[in-house]
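J.: fold the following and give me the result.
(2 chains)
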Amino acid sequence: MILPPHITSTGKKRLAPADRTPVYAMVGNPNCGKTTLFNALTGLRQKVGNYPGVTVEKKIGETYSQHGKPIKIIDLPGAYSLAARSPDEAVLRDVLFGRRDDTPQPDRVICVVDASNLERNLYLVHQILDLGRPLIVVLNMMDLAAGAGLRVDAKKLEEALGVVVIPCEAVHGRGLVELKLAMSRVDLPLARHRWDVPAPIAPAVAELQASLTDADGRPPLIARAEALLLLTDLDSVRVAGSKPLSARTVAVLSAWRERWAGDGTDWSGTLIRSRYDAINLLCGDVLIRTRDQGPSRSDRIDAVLVHSVWGWLFFGLIMAALFFSIFSLAEYPMNWIDTHMAALGGWVKGAMPAGDLRDLLTDGVIGGVGGIVVFLPQILILFFFVGLLESTGYMARAAFLMDRPMSKVGLHGKSFIPLLGSYACAIPGIMATRTIENAKDRLVTILVAPLMSCSARLPVYLLMIATLLPSEAVPATTKVGIMLLMYALGTVGAFGFAWLFKRTLFKSSPPLMIMELPPYQPPRLKEIVRQMFERGWLFLKNAGTIILGISIVLWFLTTYPKLSDPAATPDAQIAHSFAGQAGHLLEPVIKPLGFDWRIGIGLVTSFAAREVFVSSMGVIFGVQDAGDSTTPVRDALRAARWPSGALLFTPLVCLTLMVYYVFAMQCMSTVAVVKRETNSWRWPLFQIAYMTGTAWVVCFIIFQAGRALGY
Amino acid sequence: MPSHLQLLPLCQLSVGATARICVIKGDDGFAQRLREMGFGEAALVTKLSGRTTSLCQVNGTRIALNHDAAMAILVEALPAGAR
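T.: Numbering: from 1, shown residues only, chains lettered A, B, ... in the order given. Predicted coordinates:
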């Protein structure tokens, strides 16, 4: 494929265009059906990962031209504008401008447009036209537009813009053949649409364009588009991995900004108006209203689902179904995984000669990785629900309803989605914060998300409740009540700390939320299931690799140094190990909470993952083959005593220990994700300090007050 | 801005009423994003529901705004049936 010389990069690493696979970028507004189209084009030939340094999903897929040549497609995050307001949008901007070394600069762009909302969607197209790349405009959701009484004349739009325009219904597979044919064209036309930069900012654009071309090595048209953006994008978001601008460009930019700050003109507003004027002129011929728009199907559904009474009732039902699925339905696959992991461990034990290598494989690798894999069903169920709610359009309504309660603590409705996700696992929850535009709100949401009780706390709660209330005669409702109390405590803690942070560390003006509510759509199960497995796999890869490493380290710490007596009991051996020594060192700190050195080892080892506490207790209290039941561990704990002969696990200690796990930051994987997300060690360390500090103080108060009251 | 206009914050617009956006206050980034989403000055907005959080329709799109965002948008209510 031969591209005009002025649109190919001057970068040294790039191969000659004819020798390599052409790269298309797929861009569009959120909810324009871009992902459906990407999936329809690429099928299973997709690679999902992350942009290094940011937790923004990176999707690259492959399709074939009509001549059988491969074509690469990068699915970029949805955005309303190149003027980025969130990390998602910043990635889109940086890839298009060639600011990222980790992603090839696209040769061509596919702009997906929601035909039922043409003017607003054309705003991003209008910005992309400035880049001077060959462009294909896909008019998606033509059926929805027709339903809303709109007729979009693709031919006239094509004539006006000078680029290929293809009407499409990605959900029904219509227009895909035409799109593939267009993508196969060697001679994709460049835009004919002329739009003049408002005269007063033209000199500034020219000077900045020259600097970007000379000092930053940008091709001239890309430089012009970037100059326009830099001059008018006042609130630019920068993300890790983005190449910095040259000193000369920065100097030119600040000189012009200073000059404009003095005369008080709103150039950003002028530029937006100028673009919308051009778009309205375009749409005059292209868009025909065939009838007056009455209330749509979505309007009628919204009349119930965001109603002040019925809306909350429906929301409550959805949440109840979600929690029921996570905690009841997931039990069967979890037991299955647990049994098979134990069987695998048993098989390795039988097949290998006894020794350190065998113990490392069974206790370190299989035990450690099994610990995280067992939670996969719950995480997949959560992802399925999140996918279902997102694909039907209900998630935005849930955020809308939750906006009012969230505003009481200084956050807005968008923070609800990450907090909901954190009930299964804080990692996907923290990854979901990327849509929150305000950096302070985003950071506060990240900091409090791990306080929502995740599924890894469940085994600890179950063990403690079983130790606290062993009798079968105790009604199940009492046990469930205690469990719900722990969930409520974590949720109240998260909201309380959000309130505190927003009034102290992250004081800012109240957040301004603006969120589009997409039209309701029937759920696309194939897409939801695919996304569920993609996200599940990413979770396993991210968390599993860390857990594997930590498990091996922990195995080492609980195994060495070895006692010289080979007949020593496992608990004597563990007391002698590095972990045991650490537990003894820790005892003075945790004794005021009612915990001894053995619980201390559990606290140290479960820093890898909370559920490790249960298996650690099994090892420390000499329970063999604790397996999938908590019964033997429970009995061993109930028999455990202090050297003085007093019971160790009194009801008060069980309760205190549960509360400790509600608040304490006991998860290495979360620490790693927060580090990556915030790009510094400062926030994960702060998170460990404030959460574990709170856990200690609250537990101290509960234990000491409880003891004073005679419990 | 002509003095005879009766401006009110969007959050105070009654449900079902249509208004014209006249002034956008708030920080620059917020105003920029609103305008980019077609929610700029002179656009017509219909309030669909909400007291604390407003649900509005602009150019066929439903947009939710929290109380503080809706406070920052001053509109001129249009007579019933004007749209």
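J.: now do the helices in chain B.
T.: Here chain B has its helices, by DSSP state H, at B:28-36, B:67-71.
J.: name the SS class of residue A:151, please.
T.: When classified by DSSP: H, G, I helix; E, B strand; the rest coil, residue A:151 comes out as strand.
J.: for it, list each beta-bridge partner.
T.: Taking DSSP bridges, one obtains residue A:288 as the residues bridged to residue A:151.
J.: ok, now how distant is it from residue A:330?
T.: Distance of residue A:151 to residue A:330, given as C-beta to C-beta, to the nearest Å: 48 Å. From N, CA and C alone the C-beta is placed, and that goes for glycine too.
J.: could you do residue A:480 as well?
T.: Relative to residue A:330, residue A:480 is positioned 16 Å away (C-beta to C-beta).
J.: who's more crowded, these two?
T.: Neighbours were counted for residue A:480 and for residue A:330 using other C-beta atoms under 10 Å in any protein chain shown; residue A:330 has more, 23 against 12.
J.: quick check: pLDDT value at the more buried one.
T.: For residue A:330, the model assigns a pLDDT of 80.
J.: now do the contacts for it.
T.: Neighbour list for residue A:330: A:377-378, A:381 [criterion: C-beta atoms under 8 Å, 6 or more residues apart in numbering or on different chains].
J.: could you single out the nearest of the residues you listed to residue A:599?
T.: Top of the list for closeness to residue A:599, among the contacts of residue A:330 and by C-beta to C-beta, is residue A:378 at 25.9 Å.
J.: confirm that closest one sits in a strand?
T.: No. Going by three-state DSSP, the assignment for residue A:378 is helix, not a strand.
J.: ok, it - how many residues close by?
T.: The number of residues packed near residue A:378 is 24, by other C-beta under 10 Å.
J.: contacting residues around residue A:470?
T.: A:634, A:638 are the contacts of residue A:470 under C-beta under 8 Å, 6+ apart.
J.: same thing with residue A:192?
T.: For residue A:192, the contact set (C-beta under 8 Å, 6+ apart) comprises A:161-163.
J.: model confidence for the closest residue to chain A within chain B, exactly?
T.: Nearest residue of chain B to chain A: residue B:29, at 3.2 Å (C-beta to the nearest C-beta). Note on residue B:29: pLDDT of 82.
J.: check the one 10 residues further on too.
T.: According to the predicted model, the pLDDT of residue B:39 comes to 88.
J.: quick one, phi/psi of it?
T.: Residue B:39 adopts backbone torsions of phi -100, psi 30, taken as degrees, to the nearest 10.
J.: what's around it, how many residues?
T.: The local packing of residue B:39 (other C-beta under 10 Å) involves 24 other residues.
J.: show me where chain B has its strands.
T.: For chain B, applying DSSP state E gives strands covering B:7-9, B:18-24, B:44-49, B:54-58, B:61-65, B:73-77.
J.: could I get the pLDDT score of the nearest residue to residue A:216 once chain neighbours are set aside?
T.: Nearest residue to residue A:216, sequence neighbours excluded (C-beta to C-beta, 6 or more residues apart in numbering or on different chains): residue A:246, at 5.0 Å. The per-residue pLDDT reported for residue A:246 equals 85.
J.: check contacts around residue A:246.
T.: Contacts for residue A:246 (C-beta under 8 Å, 6+ apart) come out as A:211, A:215-216.
J.: residues from chain B in reach of chain A?
T.: Within chain B, the residues that sit near chain A (C-beta under 8 Å from any C-beta of the partner chain) are B:26-40, B:48-50, B:52-53, B:55, B:59-69, B:72.
J.: can I get the helices of chain B in CSV with mean neighbour count?
T.: Compiled in CSV, the helices of chain B are given as follows (neighbours: other C-beta atoms under 10 Å in any protein chain shown):
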stretch, mean neighbour count
helix B:28-36, 22
helix B:67-71, 22
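J.: which stretch among those comes nearest residue B:13?
T.: Judging the helices of chain B by C-beta to C-beta, what sits closest to residue B:13 is helix B:67-71, at 8.5 Å.
J.: okay, that closest one in PDB with CA atoms only?
T.: Taking Å, rounded to 0.1, in the frame of the first residue of the first chain, the C-alpha atoms of helix B:67-71 are listed here in PDB:
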ATOM      1  CA  HIS B  67     -26.800  18.700  41.100                       C
ATOM      2  CA  ASP B  68     -23.700  20.900  41.000                       C
ATOM      3  CA  ALA B  69     -23.400  20.500  37.200                       C
ATOM      4  CA  ALA B  70     -27.000  21.400  36.700                       C
ATOM      5  CA  MET B  71     -26.500  24.400  39.000                       C
END
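J.: any idea of the mean pLDDT in that helix?
T.: For helix B:67-71, the mean pLDDT works out to 89.
J.: same for it, what does it pack against?
T.: If you count contacts as 3 or more C-beta pairs under 8 Å, 6 or more residues apart in numbering or on different chains; DSSP states H and E, helix B:67-71 packs onto no helix or strand.
J.: mind listing what the most centrally placed residue in chain B touches?
T.: The centre of chain B sits closest to residue B:10, judged by C-alpha atoms, centre = their mean, with a distance of 4.6 Å. Counting by C-beta under 8 Å, 6+ apart, residue B:10 makes contact with B:19, B:21, B:45, B:47, B:54, B:56, B:65, B:70-71, B:73-75.
J.: out of those residues, which is most surrounded?
T.: Within those, most neighbours by other C-beta under 10 Å means residue B:73, with 30 neighbours.
J.: hang on, that one packs against residue B:30?
T.: No. Residue B:73 sits out of contact with residue B:30 when judged by C-beta atoms under 8 Å, with a separation of 9.8 Å.
J.: common neighbours of these two, please.
T.: Among the neighbours of residue B:73, those also in contact with residue B:30 (C-beta under 8 Å, 6+ apart) are residue B:24.
J.: which stretches of chain B have low pLDDT?
T.: Counting by pLDDT under 70, the ranges of chain B that qualify are B:1-5, B:81-83.
J.: got a list of what the nearest residue in space to residue A:391 that is not next to it in sequence touches?
T.: Take residue A:391 and drop its neighbours on the chain: the residue closest to it by C-beta to C-beta, 6+ apart is residue A:523, 5.1 Å away. The contact partners of residue A:523, taken as C-beta under 8 Å, 6+ apart, are A:388, A:391-392.
J.: could you export these as JSON lines, including pLDDT and distance to residue A:191?
T.: Shown next, in JSON lines, are the contacts of residue A:523 (pLDDT from 0 to 100; distance: C-beta to C-beta, whole Å):
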{"residue": "A:388", "pLDDT": "89", "distance to residue A:191": "39"}
{"residue": "A:391", "pLDDT": "84", "distance to residue A:191": "33"}
{"residue": "A:392", "pLDDT": "90", "distance to residue A:191": "36"}
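J.: of these, which is the most crowded?
T.: residue A:391 (20 neighbours).
J.: got the contact list for it?
T.: So, once contact is read as C-beta under 8 Å, 6+ apart, residue A:391 ends up touching A:521, A:523-524, A:527-528.
J.: alpha carbons of stretch A:189-201, in CSV - could you do that?
T.: What follows is stretch A:189-201, C-alpha atoms only, in CSV (Å, rounded to 0.1, in the frame of the first residue of the first chain):
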residue,chain,number,x,y,z
PRO,A,189,-9.3,9.2,-0.5
LEU,A,190,-8.2,12.0,1.8
ALA,A,191,-10.8,14.4,3.2
ARG,A,192,-12.0,17.2,0.9
HIS,A,193,-13.8,19.0,3.7
ARG,A,194,-12.2,22.4,4.2
TRP,A,195,-12.5,24.1,7.6
ASP,A,196,-10.6,27.3,8.3
VAL,A,197,-9.2,27.8,11.8
PRO,A,198,-10.8,30.9,13.3
ALA,A,199,-8.6,33.8,12.1
PRO,A,200,-7.5,35.2,15.5
ILE,A,201,-5.8,31.9,16.5
